[in-house]
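> Whatever this is, show me its structure:
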Amino acid sequence: MNVFDSVKQSVTTKQAAEQYGFKPNHSNLICCPFHRDRTPSMKVDERYFCFGCGATGDVIDFVSEVFHLNCTEAGIKLAEDFGIPYEYHGSISKRKMLKKKIYQQTEISEEEKFKKRLVKAIQVCSDYRSMLMELQKRFSPKTINDEWDERFVYVGMKIPYLEYYLDILTFGNQEEQKELLNDKEEEWEKFGRDLKRYMSGNGIGQDATHDITTGCEGIKGCVR
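I've put the predicted structure just below:
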């Protein structure tokens, strides 16, 4: 059985997405890697389809696009990574050279993907911090004798979290940055959920709570 048939019978796009670091939600949606996607819009199952940009295809197409490989290389990568036996009619030396090329291209693609995620995370985090500082200014005491609005205090307590993350994303080493991007999804979900709930219940308008949701989903999009 050739590599294409072997892979397509053994691996779904969802399984491949999970293998390569994507985290489908309960609806099997991920942030599309093929356009600027802050909220999950790509459905991954047997095949994939993006409701945002229209990208579609099978598991081999998905890996080909993600890692910038041709279809044969994508098929071989999937077979090797999932331990799927397949027929290869070239010489042993040619097969070794092909596997080496795939590995090198994958390494380049992973580095490019990390850099894009880092830039996106810094942008979203900076925008989010600016939004919270605007809210802090809105609810700050107007005179020295004014009591502190609890919304002013609450938002002020959240800003240092974002500044801490920005310090790591901007000045941390690559290991620290990757740890932050890879291990903080649940923390961002809770952060955004708690903040949105608090603001919705304390007289802050829909625009702000919408921005909070979008900001947190943007961070989660970086943390695949």
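> okay, stretch 140-147 in CSV with CA atoms only?
Extracted as CSV, the C-alpha positions of stretch 140-147 are listed here (Å, rounded to 0.1, in the frame of the first residue of the first chain):
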residue,chain,number,x,y,z
SER,A,140,-9.7,56.3,39.1
PRO,A,141,-10.4,58.8,41.9
LYS,A,142,-11.0,62.3,40.5
THR,A,143,-9.9,64.1,43.7
ILE,A,144,-7.7,63.1,46.7
ASN,A,145,-10.8,62.9,48.9
ASP,A,146,-12.7,60.5,46.6
GLU,A,147,-13.1,56.9,47.7
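> Just give me how far stretch 145-162 sits from the chain centre.
Between the centre of stretch 145-162 and the centre of its chain there are 30 Å (CA atoms, centre = their mean, to the nearest Å).
> My error: substitute stretch 63-75 in the last question.
Stretch 63-75 sits 20 Å away from the centroid of its parent chain (CA atoms, centre = their mean).
> same check, this time on stretch 165-184
So, by CA atoms, centre = their mean, the centroid of stretch 165-184 is 14 Å from its chain's centroid.
> What ranges does the protein have for its helices?
Remark: helices assigned in the chain by DSSP state H are 3-10, 13-19, 59-67, 71-82, 92-138, 150-171, 174-183, 185-200, 206-222.
> where does the chain dip in pLDDT?
The model of the chain has pLDDT under 70 over residues 89-95, 105-109, 183-189, 191-192, 195-196, 198-224.
> Tell me how it divides into domains.
The chain breaks down into these domains under automatic domain parsing: 3-89, 114-222.
> most tightly surrounded among those?
Of the domains of the chain, the one with the most neighbours on average (mean count of other CB atoms under 10 Å) is domain 3-89, at a mean of 18. (Each C-beta comes from the backbone N, C-alpha and C, glycine too.)
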